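In: Predicted model follows, preceded by the sequence.
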Amino acid sequence: MGNFSSKMEKITRELLLSIHEYPKLWGNLQKFINKALCEITGNNQITHKRMKYMNIFIILILLLQNLVIGNNQNQSVPELSQELALKLRAEGLKRSSTFIDGGSACDQVERNTQANQDGYYYFCSDLDTYGEMYQYLEETFTHNIAKKLIESVVVVINNRLSYQSVGWGSMNDWSRAIGMIASRDENTITYKFKVPVFGDDYPTDEIQIEYKYITNKGWRINSPARLLR
């Protein structure tokens, strides 16, 4: 089995190189499939049935390996520095705060006009559709976190998206925060921040924020927005 695997790996590599060098893809496939059959079976007599199944097998190997090689070459994950992590946190807090406050495009009259008697207001024009909400929040958050935040805030009243006015407060002094990487894997990094509280008489708070790298977008926050306060 080991000999079979090593032969197939060698032949697949040759196949990939050949296909990149020449435009006639199918001709190269047939050439190397025939070579594979002869080397593996030791039999130069190739039946139509065996050729059919080996064609499928080689093509599947090619597609899988080409996909892996492409991902490794074109989608390398950049480093997430403490400076960038803190910058993302600040931007995430800004966007989540703007979101739970209904947006930024309301005039004073709209801002003070209630949707009902329970303290709900209509979203401003810049965030009055789900599409605009996701687009705005996903500049700093993963889709999953944006979805949870939207579902926790938005209520439909009179066929319009509405929110309940609530405030977010915090005594944390993020300007003096110090972070270190607590864990990491292929596309996720968790930072543990030690965040002083305003005033020297209070102990340092420890907050962990997970960041996830999204292909073609960059690093995004993958922790609940309330942790950013």
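Out: Perfect, thanks for sending it. As the structure is a computational prediction, the values presented were derived from the model and not from experiment.
In: okay, CA-based contacts and neighbour counts for the rest of this
Out: Fine.
In: quick one: contacts for Gly103?
Out: Residues in contact with Gly103, defined by CA atoms under 8 Å, 6 or more residues apart in numbering, are Phe123, Cys124, Ser125, Asp126, Leu127.
In: What's the ChimeraX syntax to select whichever of those are buried?
Out: The ChimeraX selection below is limited to those of the contacts of Gly103 classed as buried (16 or more other CA atoms under 10 Å):
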select :123,124,127
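In: now the contacts of Gly103 in TSV, with secondary structure, pLDDT and distance to Arg184?
Out: Putting the contacts of Gly103 into TSV (DSSP: H, G, I helix; E, B strand; the rest coil; pLDDT from 0 to 100; distance: CA to CA, whole Å) gives the following:
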residue	secondary structure	pLDDT	distance to Arg184
Phe123	coil	96	37
Cys124	coil	96	38
Ser125	helix	94	39
Asp126	helix	96	36
Leu127	helix	97	34
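In: how about the contacts of Gly103, which pair is most distant?
Out: Greatest spatial distance in the contacts of Gly103: Phe123 and Asp126, 8.0 Å, computed using CA to CA.
In: Stretch 178-196: which residues count as buried?
Out: For stretch 178-196, a neighbour-count test (16+ other CA under 10 Å) marks Ile178, Gly179, Ile181, Thr188, Ile189, Thr190, Tyr191, Lys192, Phe193, Lys194, Val195, Pro196 as buried.
In: now do stretch 139-157
Out: Buried, per 16+ other CA under 10 Å, within stretch 139-157: 139-143, 145-147, 149-150, 153-155.
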